[in-house]
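Asker: Give me the fold of what follows.
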Amino acid sequence: MIDSADIVIAGGAAIGSSIAYHIANDPAFKGRVVVIEKDPTYQFSASALSAASIRQQYSSAINIRMSLYGIQFMREIGEGLAVNGDKPAIDLHEGGYLYLAASESAARVLRENWELQQQEGADILLFTPEEAAKRYPWLSVVDLHAATWGQTGEGWFDGWGLMQAFRKKARALGVTYIDGKVIDVERAHGRVVAVKLEDGSRIACGALVNAAGASGARQLAEAAGIAIPVASKKRCVFTFTCKAELGTFPMLIDASGCYARPEGHRTAEGQMFICGSAPSEENDPDTDDFDVDYALFEDHVWPTLATRVPAFEAIRPGRAWAGHYDMNLFDANAILGPVPQLPNFYLANGFSGHGLQQSPAVGRGLAELLVHGRYVTLDLSEAGFERIAANRPLLEKNVI
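Answerer: All right, here's what the predicted structure looks like:
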């Protein structure tokens with residue numbers, strides 16, 4: 001049993017394990033890191049159930065910068081997270097995102113976002129409808145006003161592989177993982193002094209990081225006396241096979257919000273795709289169930305995608321699953337860093353579907369705060385908790 005640690009991290013999926021790795025990999029850190037994970041199988045974690053993709057097509061500079069760092073990290077993951085010569089692979093495929101605008105006002109926003117993305121160094125191209133149709137002949141552009149596509153730096157990858165690579169490397173660097181659930185936070189003199197686990201054990205700590213995800217972030221914050229506007233929102237992922245030969249296909253983001261992208265290699269049965277969409281607001285409760293909403297696919301996702309890609313009118317539906325976003329109801333952006341009234345309690349919550357792709361940057365940023373007391377290489381202070389108390393939202397227009 002471990003009864004004390006310099007840093008305790010609650011949650012050991014991609015975010016928690018990235019933070020643990022980056023701390024342990026910092027030469028300036030000489031202490032002990034303990035990660036507490038309530039589900040060591042990770043079968044219900046967002047890291048395992050995510051559509052696992054990365055993009056720079058955001059409307060806020062901080063999200064673009066995090067993803068620019070993330071894509072470079074993923075490109076070099078074989079070297080960066082190698083353990084005893086064993087190099088992890090995450091099957092990174094830079095197929096790009098194709099965003100579509102079906103009104104002049106939406107096209108104006110798309111162009112504004114594109115200009116910001118250009119300023120930040122993202123490799124995004126702006127298309128007219130005719131240019132989009134020429135590049136993607138399978139695409140219906142009759143109602144389109146503009147499109148943007150990530151030429152490099154955007155695509156999809158093996159999310160499970162990324163999470164496990166962080167975890168394996170962190171353990172190799174001396175991080176201890178404990179199977180358990182934090183149920184209480186012990187405080188004294190305005191600081192966290194210990195966590196209590198469900199099995200009755202207690203671990204004293206110098207700092208506590210809340211990386212508990214959709215299933216426990218809000219509850220852990222409440223145990224520390226902190227309210228965060230994070231809810232667990234179910235998102236369903238559906239698969240289907242299309243027999244038609246479509247050629248190159250990116251991550252398609254329809255003007256409706258529905259998305260689709262290829263999954264795996266084409267077989268004799270055709271090309272498999274994954275797809276999905278956020279449900280309507282009235283059908284999006286705070287929930288922890290994993291029941292698949294098949295009606296969402298039948299009534300909305302498939303008809304919408306078949307209108308945009310006529311070849312999708314003839315498909316064979318496949319399996320489906322549900323996972324959860326830790327949705328920040330305040331502004332749909334991550335909440336990062338210490339809480340002013342409890343300065344050794346650190347948040348890494350509210351990623352609203354962006355957590356897996358932002359895990360490299362968040363891990364590095366939080367590690368720098370914990371080890372050096374400041375952001376050193378990537379300033380994430382704009383995503384701090386203070387903005388919530390000040391009612392100063394960091395709005396992100398491109399939430400999928």
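Asker: now the strands for the stretch 151-300 of the chain?
Answerer: Counting by DSSP state E, counting those that start in this stretch, the stretch 151-300 of the chain has strands at residues 155-156, 176-179, 182-188, 191-197, 202-210, 230-242, 251-253, 259-262, 271-276.
Asker: Quick one: low-confidence residue ranges for the protein.
Answerer: Of all residues in the chain, none has pLDDT under 70.
Asker: quick one, longest helix in it?
Answerer: Counting residues, the longest helix found in the chain (DSSP state H) is helix 355-372.
Asker: Need the contact partners of the first helix or strand past it going along the chain.
Answerer: On the C-terminal side of helix 355-372, the nearest following helix or strand under DSSP states H and E is helix 386-389. For helix 386-389, the external contacting residues (Cβ atoms under 8 Å, 6 or more residues apart in numbering) are 228-229, 330-331, 335, 340, 393-394. (C-beta placed from N, C-alpha, C; glycine too.)
Asker: how much space between residue 278 and residue 350?
Answerer: 16 Å (Cβ to Cβ, to the nearest Å).
Asker: Then residue 6?
Answerer: Separation of residue 6 from residue 350 (Cβ to Cβ) stands at 25 Å.
Asker: neighbour-wise, which of these two wins?
Answerer: In this view residue 6 and residue 350 are compared by other Cβ atoms under 10 Å, and residue 350 has more residues nearby, 29 against 17.
Asker: Look up phi and psi at the nearest residue to residue 219 once chain neighbours are set aside.
Answerer: Distances taken as Cβ to Cβ, 6 or more residues apart in numbering put residue 212 closest to residue 219, at 7.6 Å, once the chain neighbours are dropped. Main-chain torsions, residue 212, degrees, to the nearest 10: phi -80, psi -10.
Asker: residue contacts, residue 212?
Answerer: 10-11, 182, 219-220, 349.
Asker: any chance of these in a markdown table, plus neighbour count and distance to residue 149?
Answerer: Supplementary listing: the contacts of residue 212 in a markdown table, determined by neighbours: other Cβ atoms under 10 Å; distance: Cβ to Cβ, whole Å:
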| residue | neighbour count | distance to residue 149 |
| --- | --- | --- |
| 10 | 27 | 39 |
| 11 | 28 | 34 |
| 182 | 25 | 43 |
| 219 | 14 | 40 |
| 220 | 27 | 39 |
| 349 | 28 | 31 |
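Asker: do you know how far the residue nearest in space to the middle of the chain is from residue 78?
Answerer: Of all residues in the chain, the one closest to the mean position by Cα atoms, centre = their mean is residue 355, 2.2 Å from it. Distance, residue 355 to residue 78, using Cβ to Cβ: 22 Å.
Asker: Kindly report the same for residue 127.
Answerer: 33 Å.
Asker: which one of these two has more residues nearby?
Answerer: residue 127 (21 against 14).
Asker: What helix or strand is the closest residue to that one other than its chain neighbours located in?
Answerer: If the residues on either side of it in the chain are set aside, residue 127 comes closest to residue 147, at 4.3 Å by Cβ to Cβ, 6+ apart. For residue 147, the host element (DSSP H and E) is strand 146-150.
Asker: distance between that strand and the chain's centre?
Answerer: Here the centre of strand 146-150 is set off from its chain's centre by 21 Å, with Cα atoms, centre = their mean, to the nearest Å.
Asker: Likewise for stretch 264-280?
Answerer: On Cα atoms, centre = their mean, the centre of stretch 264-280 falls 20 Å from that of its chain.
Asker: Of all the residues in that stretch, which ones are buried?
Answerer: 270-279 (16 or more other Cβ atoms under 10 Å).
Asker: Stretch 118-125 now?
Answerer: Across stretch 118-125, burial judged by 16+ other Cβ under 10 Å covers 120, 122-125.
Asker: Take the strands of the stretch 151-300 of the chain and write them to CSV, including distance to residue 306.
Answerer: Formatted as CSV, the strands of the stretch 151-300 of the chain follow (distance: least, Cβ to Cβ, whole Å):
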stretch, distance to residue 306
strand 155-156, 22
strand 176-179, 45
strand 182-188, 46
strand 191-197, 50
strand 202-210, 42
strand 230-242, 10
strand 251-253, 12
strand 259-262, 10
strand 271-276, 11
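Asker: Tell me which of those strands lies nearest to residue 101.
Answerer: Nearest of the strands of the stretch 151-300 of the chain to residue 101, taken as Cβ to Cβ: strand 251-253 at 10.1 Å.
Asker: Check which helices and strands that closest one sits against.
Answerer: Applying 3 or more Cβ pairs under 8 Å, 6 or more residues apart in numbering; DSSP states H and E, one finds that strand 251-253 contacts strand 97-101, strand 259-262.
Asker: Pick the most buried one from those strands.
Answerer: Across the helices and strands packed on strand 251-253, averaging neighbours per residue (mean count of other Cβ atoms under 10 Å) puts strand 97-101 on top, at a mean of 25.
Asker: Can you tell me the strand partners of that strand and which way each runs?
Answerer: strand 146-150 (antiparallel), strand 251-253 (parallel) (DSSP bridges).
Asker: then that strand to CSV, C-alphas only?
Answerer: The C-alpha trace of strand 97-101 is given here as CSV (Å, rounded to 0.1, in the frame of the first residue of the first chain):
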residue,chain,number,x,y,z
TYR,A,97,-11.3,17.3,-42.0
LEU,A,98,-13.7,18.6,-44.6
TYR,A,99,-16.0,21.3,-43.1
LEU,A,100,-19.0,22.4,-45.1
ALA,A,101,-21.0,25.6,-44.9
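Asker: Quick one: distance of it to the chain centre.
Answerer: Per Cα atoms, centre = their mean, the centroid offset for strand 97-101 relative to its chain is 19 Å.
Asker: Contacts for the very next helix or strand once past it, please.
Answerer: Sequence-wise, the next helix or strand downstream of strand 97-101 (DSSP H and E) is helix 104-119. Helix 104-119 has contacts (Cβ under 8 Å, 6+ apart) with 56-59, 61, 64, 99, 101, 124, 126, 145-148, 255, 397-398.
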